[in-house]
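[1] here is my input, please return the structure:
(chains A and B)
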Amino acid sequence: MGNYLISKEPFDKNLKSQICEIGEKYGFSVGVYTLNDYFKSVRENNMEQSSLKLFSIIFLSIIAVFGLSSIIVYSINTGRREIGIRIACGAGKKHIILIFFTETFLITSAAFLTSCIIVNSESLLDVLRAGRLRNLGIWVYIITFVISLITCIASCVFPIRRILKLEPRELTGGND
Amino acid sequence: MDNVIKLNDIVKIYGTGQSKVVALNNVSLEISKGEYISIMGPSGSGKSTLLNILGCMDTATSGQYYINGRDVSKLKRKDFNRIRNCEVSFIFQNFALLKNYSVYENVELPLCHRKMSHREKKNKIMSYLDKLGIADLANKKPTEISGGQQQRVAIARALVSDAGIILADEPTGALDQKTGRELMELLSTINNEGKTIIIVTHDKNVASNCKRNILLTDGQIVEDTPSIV
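    Numbering: from 1, shown residues only, chains lettered A, B, ... in the order given. As a prediction, the model looks like this:
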């Protein structure tokens, strides 16, 4: 840890260098700041850390949502035969869309809950005890979930539309 | 007799330009209520295409198709769903059962779109499963039962919707001879109860069970005769 000498008023240049020299003589470094300088450096440091944190969160969230969307699109494409069978039994467009939106909701919720548990795994007991989620406010969690859900639903709209445009006979063949 | 199905000059063309294939070429046909019909023909003759059009699983390129007196070409998508749910049922060669669902849930599929109470649905499904001798398999998955039993599940699903017309695409194709014979007996019984049954098959024995045989070649009906047993 560094040693700091903080003053409310600006230091004299000579005094500043003398203090540093004395510090070096006794084998430790001394940072000489005014109060304003000190707060400025702390603020800059915090902003840098926060930006890095925010960038990591956004980057990881984008990757996670892409991964989640891929799982949902894969699940729709492999479910073509099921859609065909359901249509052959009289299912309408609305029914098919409802099935896949429900599936999307469940997959997104499961992924979101898992990530919440991982994020809070270190202090899960603290979280339960305190009754609130660690570090981040509840709104951050809600917004993340809503954005993930909207992105996942948006990503499954195109394959569902493509499948529903096909004739039912094109869907009933093949294996699950 | 009342015509439940009437086809006038039905043409079905797949693809365009050089890859154009005429699957059905001016097919005209009348089918009355309670008939038991086989459609035979070599591969690529248009049998399955005809069955798909009859079951509203595909649309004709031109021509008129009337089902229970209504012109199918003038119907909306919603009406197609209703026809597939209430008026026509399919039995597929590969059974077309959902592997992740139980036998009961597979049979329940057509009833998912009906306004019925849970108890009514359950009673109806169990009565058909019982009738077909598979009530004890209700909670099993299709992968846990034999091919013959799977086809019975598919028949139960076709019957539970109370549709008047049952279309079967090679229903015995994936079954051994004995199970195939049992299945044909079952279909005869269902026909005797008043259902119209149309079967697409390669098997002459299956066709001989039917009361009317239609022979398709190159997308055209070349023979339409009563069955000679």
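[2] how close does residue A:58 sit to chain B?
    For residue A:58, the distance to chain B equals 36 Å [C-beta to the nearest C-beta, to the nearest Å]. C-betas here are computed from N, CA, C, even on glycine.
[3] quick check, pLDDT for that residue.
    Looking at residue A:58, its pLDDT reads 76.
[4] next, it: phi, psi?
    Phi and psi for residue A:58, reported as degrees, to the nearest 10, are phi -60, psi -50.
[5] mind giving me the packing neighbours of the one helix or strand residue A:106 maps to?
    Using DSSP states H and E, the element containing residue A:106 is helix A:93-119. Here helix A:93-119 touches helix A:35-78, helix A:80-88, helix A:138-165, going by 3 or more C-beta pairs under 8 Å, 6 or more residues apart in numbering or on different chains; DSSP states H and E.
[6] most packed of those helices?
    Highest mean neighbour count among these (mean count of other C-beta atoms under 10 Å in any protein chain shown): helix A:80-88, with a mean of 23.
[7] which strands and helices lie in contact with that helix?
    Helix A:80-88 packs on helix A:93-119, helix A:138-165, helix A:169-172, going by 3+ C-beta pairs under 8 Å, 6+ apart.
[8] turn those into a markdown table, columns for distance to residue A:60.
    Converted to a markdown table, the helices and strands packed on helix A:80-88 look like this (distance: least, C-beta to C-beta, whole Å):
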| stretch | distance to residue A:60 |
| --- | --- |
| helix A:93-119 | 9 |
| helix A:138-165 | 11 |
| helix A:169-172 | 37 |
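[9] residues in chain A within reach of chain B, list them.
    A:81-82, A:84-93, A:95, A:167-169, A:172-173, A:176 (C-beta under 8 Å from any C-beta of the partner chain).
[10] least confident of the helices and strands packed on helix A:80-88, on average?
    Among those, helix A:169-172 carries the lowest mean pLDDT (a mean of 78).
[11] in chain B, what residue lies closest to chain A?
    residue B:85 (2.4 Å; C-beta to the nearest C-beta).
[12] so that residue is in contact with residue A:88, correct?
    No: with contacts counted by C-beta atoms under 8 Å, residue B:85 stays clear of residue A:88, the gap being 9.6 Å.
[13] who touches the residue of chain B closest to chain A in this structure?
    A:89-90, B:110, B:113-114, B:161 (C-beta atoms under 8 Å, 6 or more residues apart in numbering or on different chains).
[14] narrow the residues you listed to just the buried residues.
    Those of the contacts of residue B:85 that meet the buried threshold are A:89-90, B:110, B:113, B:161, by 16 or more other C-beta atoms under 10 Å in any protein chain shown.
[15] centroid-nearest residue for chain B?
    Nearest to the geometric centre of chain B sits residue B:167, at 1.4 Å (C-alpha atoms, centre = their mean).
[16] beta partners of that one?
    On the basis of DSSP bridges, residue B:167 is bridged to residue B:90, residue B:198.
[17] break down chain B into its helices, ranges please.
    B:47-54, B:77-82, B:103-108, B:118-131, B:147-160, B:177-192, B:204-209 (DSSP state H).
[18] could I get the ones you listed as a markdown table with mean neighbour count and mean pLDDT?
    Output for these, formatted as a markdown table (neighbours: other C-beta atoms under 10 Å in any protein chain shown; pLDDT from 0 to 100):
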| stretch | mean neighbour count | mean pLDDT |
| --- | --- | --- |
| helix B:47-54 | 24 | 92 |
| helix B:77-82 | 15 | 86 |
| helix B:103-108 | 22 | 95 |
| helix B:118-131 | 15 | 92 |
| helix B:147-160 | 23 | 91 |
| helix B:177-192 | 16 | 87 |
| helix B:204-209 | 16 | 88 |
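[19] in a markdown table, list those helices along with distance to residue A:32.
    Putting the helices of chain B into a markdown table (distance: least, C-beta to C-beta, whole Å) gives the following:
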| stretch | distance to residue A:32 |
| --- | --- |
| helix B:47-54 | 87 |
| helix B:77-82 | 79 |
| helix B:103-108 | 77 |
| helix B:118-131 | 80 |
| helix B:147-160 | 85 |
| helix B:177-192 | 95 |
| helix B:204-209 | 100 |
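[20] Serialize those helices to JSON lines and add fields for distance to chain A.
    Converted to JSON lines, these look like this (distance: least, C-beta to the nearest C-beta, whole Å):
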{"stretch": "helix B:47-54", "distance to chain A": "4"}
{"stretch": "helix B:77-82", "distance to chain A": "4"}
{"stretch": "helix B:103-108", "distance to chain A": "9"}
{"stretch": "helix B:118-131", "distance to chain A": "13"}
{"stretch": "helix B:147-160", "distance to chain A": "7"}
{"stretch": "helix B:177-192", "distance to chain A": "18"}
{"stretch": "helix B:204-209", "distance to chain A": "21"}
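[21] no more questions from me, cheers.
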